[in-house]
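A.B. asks: sequence isn't available, so here's the structure alone:
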């Protein structure tokens with residue numbers, strides 16, 4: 001049997017409380033709406049979408065037809081909606097009751113909108129504390145997504161990141177996926193063929209690997225120069241989705257919950273306090289930040 005692999009794309013969309021209406025209008029037209037339209041054109045592609053609470057409120061009030069389109073995609077199991085903290089807080093910085101309150105409010109809002117309670121939680125800035133499993137499980141979540149840097153801090157090798165792990169706090173089990181750096185840096189900035197070749201290089205005979213790519217939805221059209229690249233003349237997203245269709249005999253798109261329903265985690269991990277590398281730099285005191293930058 002030819003080597004096979006699965007791909008889980010998780011796209012995170014967020015706008016902060018009080019952002020200007022014209023900013024939301026522009027980002028919606030350049031990134032949020034085109035992605036959903038592309039999914040409608042390519043029904044074979046499955047992925048996960050996260051919208052923070054303030055953005056959901058704006059969509060519900062200003063673009064109700066968009067919510068209806070998302071509901072259709074959810075109903076046919078093409079997309080999985082991800083939850084998390086309602087106002088996109090850094091959960092680790094909150095007291096326990098506020099962590100659970102934010103996460104359960106988001107779950108309730110999503111269930112009311114889409115008829116399904118989310119199983120996955122998006123962590124703002126991927127800031128991780130070892131006691132977060134207790135908070136997330138108490139709020140009804142089964143899994144979350146971290147960066148590969150988190151796993152390297154726990155002595156997990158890059159080649160062992162092609163699958164979810166189990167972690168726990170006080171006996172509360174949570175599954176964690178690592179967003180793979182090779183995918184995150186290639187999608188959508190490298191040639192489509194380079195992305196599929198990269199996935200093919202990591203495929204296995206038993207098809208037991210999954211590549212996770214979780215990143216900002218705004219980079220698909222709203223970041224400088226990305227609209228022309230993703231949706232204009234270069235049509236990167238449509239060409240990528242077309243390539244996924246052409247290669248689906250060995251490359252399957254899925255969602256984290258669908259994967260976990262059929263596959264066990266590949267190991268257990270205990271992740272120390274961490275975030276992605278840039279956040280570690282930004283969190284330094286001013287004088288230490290200057291020293292870090294200079295060296």
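C.D. replies: That came through fine. Computed from a predicted structure; not experimentally measured. Numbering: from 1, shown residues only.

A.B. asks: residues of the helix ranked longest in the chain that come out buried?
C.D. replies: Counting residues, the longest helix found in the chain (DSSP state H) is helix 96-114. Neighbour counts using 16 or more other CB atoms under 10 Å place 99-100, 102-107, 109-110, 113-114 of helix 96-114 among the buried residues. (Each C-beta comes from the backbone N, C-alpha and C, glycine too.)

A.B. asks: show me the contacts for residue 45.
C.D. replies: For residue 45, the contact set (CB atoms under 8 Å, 6 or more residues apart in numbering) comprises 38-39, 78, 241, 244-245, 253.

A.B. asks: do I have it right that residue 5 meets residue 210?
C.D. replies: Yes: in this structure, residue 5 is within contact of residue 210 by CB atoms under 8 Å, at 7.3 Å.

A.B. asks: more neighbours: these two, which one.
C.D. replies: residue 210 (23 against 20; other CB atoms under 10 Å).

A.B. asks: nearest residue to the more buried one other than its sequence neighbours?
C.D. replies: What sits nearest to residue 210 in space, not counting adjacent residues and going by CB to CB, 6 or more residues apart in numbering, is residue 6, at 4.5 Å.

A.B. asks: now do the SS call for residue 195.
C.D. replies: The assignment at residue 195 comes out as helix when based on DSSP: H, G, I helix; E, B strand; the rest coil.

A.B. asks: pLDDT value on the residue nearest to residue 226 when sequence neighbours are not counted, please?
C.D. replies: Closest residue to residue 226 apart from its sequence neighbours, by CB to CB, 6+ apart: residue 219 at 5.9 Å. If you check residue 219, the pLDDT there is 97.

A.B. asks: who touches the helix or strand hosting residue 289?
C.D. replies: Assigned by DSSP states H and E, residue 289 falls within helix 286-294. Helix 286-294 has contacts (CB under 8 Å, 6+ apart) with 281-282, 284.

A.B. asks: let's see that with 7 Å instead.
C.D. replies: 281, 284 (CB atoms under 7 Å, 6 or more residues apart in numbering).

A.B. asks: okay then, goodbye and thanks.
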